[in-house]
Structures are given as structure tokens and as C-alpha cells.
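1. turn this into a structure:
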Amino acid sequence: MEEKKKNNAATLEQVKKEYQKPCMTQEQVEQMKQRIEEAKAEKQKKAANSYMGRKIAAAAAVVVAAFIVLPNTSENVAHAMNQIPVLGGLVEAVTFRDYKYDNGKHTADIETPKLSVKKSKTDQEDSKTQQNLKETTKEVNAEIQKLTDQILTEFESGLKDQEGYQEMQVKHKVLSTTKDYFTLKLICYQAAGSGAETDYYYTIDLKTGKRLALADLFVEGADYITPISENIKQQMREQMQADESVIYWLDDPEVSEWNFEKITDQTSFYLNQDGKLVICFNEGDVGPMSMGCVQFVISNKVIADIRK
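-> Reported below is the predicted structural model:
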């Protein structure tokens with residue numbers, strides 16, 4: 001056990017050093033590009049028999065040599081193209097802007113989604129919930145546009161580097177949650193030497209029309225941080241014990257500054273189709289980058305006493 005712990009510590013330290021390296025060799029860059037192309041080809045092959053698959057394959061095959069911005073001015077057309085599900089019949093997501101670029105060294109596929117509110121058949125258009133929904137979707141849309149604008153600006157700046165390589169992708173997905181909640185997930189991938197994915201979650205309470213914060217799920221004044229954090233630690237230990245390739249920053253004095261301690265009020269989350277709380281971490285938050293973005297489903301019994 002002691003030897004395994006030392007080996008794990010050495011592995012973690014090596015991963016840490018690799019993670020902190022600022023760049024890749026030319027050979028590594030070429031290998032990365034090859035893996036990206038192979039992944040795209042495999043994705044196209046698997047999706048070839050579906051409508052969405054044909055859309056993705058067509059997008060991946062497009063090669064343009066100049067900056068292109070394609071706004072979907074018709075929400076009906078955008079909705080048909082993306083087949084985005086609508087939860088509760090109140091909020092839907094469409095692709096407002098779709099930016100694509102590929103000159104062989106620099107590639108981008110950046111979608112900017114936009115949320116819109118549908119009039120409820122049971123509520124008056126000027127009801128409090130409808131008003132809140134309009135204000136909330138406007139706020140979310142502004143945040144998303146600001147984020148994608150920043151990514152576009154960064155990408156354009158990178159075009160000045162004639163010797164460098166970069167890839168940027170922004171996709172969105174409406175998560176199938178519950179009839180009471182709407183969650184939009186924004187998936188951002190950026191690679192320039194090394195790649196990383198960052199996910200953003202936007203959850204709206206359809207009962208009130210307001211953004212949902214983690215604290216809103218629990219009785220006022222209740223300590224939800226501790227039981228959720230301890231449950232996540234338990235899941236981490238169980239996963240690492242079951243699979244040696246799974247590594248989390250936990251219980252290791254050699255990398256104490258990286259060890260996971262607890263979640264915060266700002267930790268990303270959503271509610272899955274079964275109504276269970278799902279806590280989300282981006283790459284590098286609680287483990288090496290190779291672990292990718294990870295999620296932990298919290299059992300209802302863990303928070304039953306404090307859940308609203």
C-alpha cells in the first residue's frame with residue numbers, strides 16, 4: 001500500500017509537471033492535429049445515418065479561408081437545423097450565430113446560442129413568471145454572447161501567429177432535466193499547444209422564471225456544502241480504488257495544494273432527468289487534465305433532510 005501511494009505521488013507530480021509545460025514540440029503539434037482529424041473522421045462516420053450526424057459531417061468538411069459569420073435570423077429555421085428540445089414549453093434555444101474558419105493551421109467552429117421565451121398557454125403574457133423569464137433569458141444571452149465574443153477575439157488574435165496552431169470549438173446542448181428546470185450547457189474547447197475543455201451551465205427555475213443558484217435548492221441556512229463535498233470525496237475514493245487509471249487530487253500530501261477540499265456556492269451543477277443533483281468540474285479542477293470534465297451525481301438520501 002505504501003509503495004502504491006509513493007508511485008501514485010510520483011505519477012501525480014509528473015502529471016503536474018507535464019500540465020505546467022507551456023508548449024509542445026513541432027512533432028507533438030503534428031500528432032495532435034492528426035488525432036484531431038482522426039477524431040473528426042470517426043465522429044462523422046458514426047453520425048452518418050442521422051440528421052444531426054449529416055449536419056456535423058458537413059460542418060467538419062467545410063473549409064473556408066476567411067472570417068465568416070452566419071446569423072440565423074429565423075428562429076424556426078435555426079430550431080429545425082439543431083432540433084433543440086424545449087422543456088416545459090417555456091424556453092427554447094436556437095443557434096443565433098455560427099462562425100467557422102479553417103486555413104489548415106487555425107480552425108474554429110463557434111456556435112452562439114440564444115434563449116427565447118414561448119408564451120405559456122396557461123399563463124398571461126404579462127404574468128410575473130413570464131416577465132422573469134424574459135429578463136433571465138436576456139441576462140443569460142448577454143453572458144453567452146460576451147463569452148463567445150471573447151473567444152472569437154482571442155482566436156482572431158491567434159491568426160497573427162503564422163507558425164502556430166490553434167483550434168476553438170463552442171457547442172451547446174439543452175440538458176434533459178425536469179419539467180421545473182431548464183438547463184443550457186455551453187461546451188468550450190480551446191487548443192493551442194495543449195487543449196482544454198471548459199463547460200458552463202445556465203439553469204432557470206421555470207416555476208419562478210429566475211436563475212437557479214445552488215443554495216436555492218436547500219432550506220435556508222442549511223449546510224449543504226459539507227454533505228455534498230463528503231459524498232464527492234467518497235465517490236472519488238471508490239472510483240480510484242476500482243480503476244487505477246482514475247486519478248483525483250485527494251488525500252495526497254505530495255500535492256496538498258491541489259487536493260479537493262469542498263465545493264463552493266459557485267460550483268457548477270444541474271438537475272438530471274431523475275431530479276438528482278449533479279455537481280460538475282472542468283478539466284484540471286479536481287484531477288489531471290487527462291481526466292477531462294467530470295461529474296458526480298449526488299444521491300437524494302445525502303441531502304434529503306435539507307432539500308426543499
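
2. what residues of the host helix or strand of Gln169 count as buried?
-> Here Gln169 sits within strand 166-178, counting by DSSP states H and E. Within strand 166-178, the residues that qualify as buried are 166-170, 172-175, 177-178, counting by 16 or more other CB atoms under 10 Å. For glycine as for every other residue, the C-beta is placed from the backbone atoms N, C-alpha and C.

3. same question, stretch 133-142
-> In terms of neighbour count (16+ other CB under 10 Å), stretch 133-142 has its buried residues at 133, 136-137, 140-141.

4. send me that stretch as CSV with only the CA atoms.
-> Output of stretch 133-142 as CSV, limited to C-alpha atoms (Å, rounded to 0.1, in the frame of the first residue of the first chain):
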residue,chain,number,x,y,z
LEU,A,133,-38.2,34.5,-17.8
LYS,A,134,-37.8,37.3,-20.3
GLU,A,135,-35.4,39.1,-18.0
THR,A,136,-33.5,36.0,-17.2
THR,A,137,-33.0,34.8,-20.8
LYS,A,138,-31.9,38.3,-21.7
GLU,A,139,-29.3,38.1,-19.0
VAL,A,140,-28.1,34.6,-20.0
ASN,A,141,-27.9,35.6,-23.7
ALA,A,142,-25.8,38.6,-22.8
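
5. paired strands for the strand holding Gln169, with orientation please.
-> Within its sheet, strand 166-178 is paired with strand 106-117 (parallel), strand 181-192 (antiparallel), according to DSSP bridges.

6. which residues in this structure form helices?
-> Counting by DSSP state H, one finds helices in the chain at the ranges 2-20, 26-47, 51-61, 75-82, 128-158, 225-242, 300-303.

7. other SSEs contacting the last one?
-> What that stands for is helix 300-303. Packing partners of helix 300-303 (3 or more CB pairs under 8 Å, 6 or more residues apart in numbering; DSSP states H and E): helix 225-242.

8. mind listing residues that contact the helix it packs on?
-> With contacts defined as CB atoms under 8 Å, 6 or more residues apart in numbering, helix 225-242 is touched by 246-248, 250-251, 260-265, 277, 279, 286, 296, 298-299, 302-303, 306.

9. mind checking which of those are buried?
-> Neighbour-count burial (16+ other CB under 10 Å) applied to these gives 247-248, 250, 260, 263, 277, 279, 286, 296, 298, 302-303, 306.

10. can you lay out those residues as CSV showing pLDDT?
-> Below are the buried ones among the contacts of helix 225-242 laid out as CSV (pLDDT from 0 to 100):
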residue, pLDDT
Ile247, 96
Tyr248, 97
Leu250, 96
Phe260, 97
Ile263, 98
Leu277, 96
Ile279, 98
Val286, 97
Phe296, 98
Ile298, 98
Val302, 98
Ile303, 98
Ile306, 98
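
11. mind putting the buried residues of stretch 133-142 in a markdown table, distance to Ser256 and pLDDT included?
-> Shown next, in a markdown table, are the buried residues of stretch 133-142 (distance: CB to CB, whole Å; pLDDT from 0 to 100):
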| residue | distance to Ser256 | pLDDT |
| --- | --- | --- |
| Leu133 | 45 | 94 |
| Thr136 | 40 | 97 |
| Thr137 | 43 | 97 |
| Val140 | 37 | 98 |
| Asn141 | 41 | 98 |
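
12. and of those, the nearest to Lys207?
-> The closest of those to Lys207 turns out to be Leu133 (CB to CB; 10.6 Å).

13. around the closest residue to that closest one other than its chain neighbours, how many other residues sit close by?
-> Nearest residue to Leu133 in three dimensions, chain neighbours excluded: Gly209, at 3.9 Å (CB to CB, 6 or more residues apart in numbering). By the criterion of other CB atoms under 10 Å, Gly209 has 22 neighbours.

14. surely Gly209 meets Lys138?
-> No: using CB atoms under 8 Å, Gly209 makes no contact with Lys138, being 11.5 Å away.

15. can you check which residues contact both of the two?
-> What both Gly209 and Lys138 touch, as defined by CB under 8 Å, 6+ apart, is an empty set.

16. please parse this protein into its domains.
-> For the chain, the domain assignment from automatic domain parsing gives the residue ranges 62-212, 218-303.

17. going by mean pLDDT, which of these comes out lowest?
-> Of all the domains of the chain, the minimum mean pLDDT falls on domain 62-212 (a mean of 80).

18. would you mind measuring from Lys146 to Glu254?
-> Lys146 sits 39 Å away from Glu254, going by CB to CB, to the nearest Å.

19. which one's more surrounded, these two?
-> More crowded of Lys146 and Glu254, by other CB under 10 Å: Glu254, with 14 against 10.

20. give me phi/psi at the nearest residue to Ile306 once chain neighbours are set aside?
-> In this structure, Ile306 finds its nearest non-sequential neighbour in Ala222, 3.8 Å apart by CB to CB, 6+ apart. Ala222 adopts backbone torsions of phi -70, psi 150, taken as degrees, to the nearest 10.
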